[in-house]
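In: got a structure for you, letters missing:
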C-alpha cells in the first residue's frame, strides 16, 4: 500500500485540518476590494470621516449665526422701536462688522474636498459630480445679504 501523501508537509496539513475547530463550519467572509485606502483606514477606526465632522461644524456654526442675528435684530427693534430708519442704520453697521470667517473657511474646505473624501461619483451627462439627495454638494458661503434676509425672515415668521 502506497502512502497517499507526497510529502511530510501534506501529512502535517491534513493532520491540522482534521483537528481544526473550524472543521465543518463555514469560514468567516473577508471582503477586500483592492488596495487599502485612507477612507478604509478611517472607517476602520470607527470615528466619523473628516467631511462628516466638517459638515456638522458648518451646521452648528450656521445655526449659531442664525440665532445671534435674530437676537441682535430683535434687540435693535426693541431699542429703536419708534425710530425705524435709525434702527436700520444701526443694523447695517452691525451686519458690516459681523464675522463669518470661521464658517466660510469650513464651507470653502467642504466645497474643495467633499467630492474626493466622500468618493462622490461623476455624472457623465453633466461632467460634474453627482447630486447628493437631489442637490449639489457645494455650500454657499454666508454673506451679509444672507444674514439680513435670514434675520428679516425670522422676524416676519415670529
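Out: All right, it came through fine. Since this is a predicted model, take the numbers as computed values, not measurements.
In: next up, phi/psi of the spatially most central residue of the chain, please.
Out: Nearest to the centroid of the C-alpha atoms of the chain, with distances taken as Cα atoms, centre = their mean, sits residue 52, at 2.7 Å. With angles defined as degrees, to the nearest 10, residue 52 sits at phi -70, psi -50.
In: and the gap between it and residue 103?
Out: Applying Cβ to Cβ, to the nearest Å, the value for residue 52 to residue 103 is 17 Å. To be clear about C-beta, it is placed using only N, CA and C from the backbone, and glycine gets the same treatment.
In: cool, and residue 116?
Out: From residue 116 over to residue 103 (counting by Cβ to Cβ), the distance is 21 Å.
In: same deal with residue 149?
Out: Using Cβ to Cβ, which is the criterion applied here, residue 149 is 16 Å from residue 103.
In: then residue 54?
Out: Distance, residue 54 to residue 103, by Cβ to Cβ: 11 Å.
In: next one: residue 11
Out: Applying Cβ to Cβ to residue 11 and residue 103 gives a distance of 69 Å.
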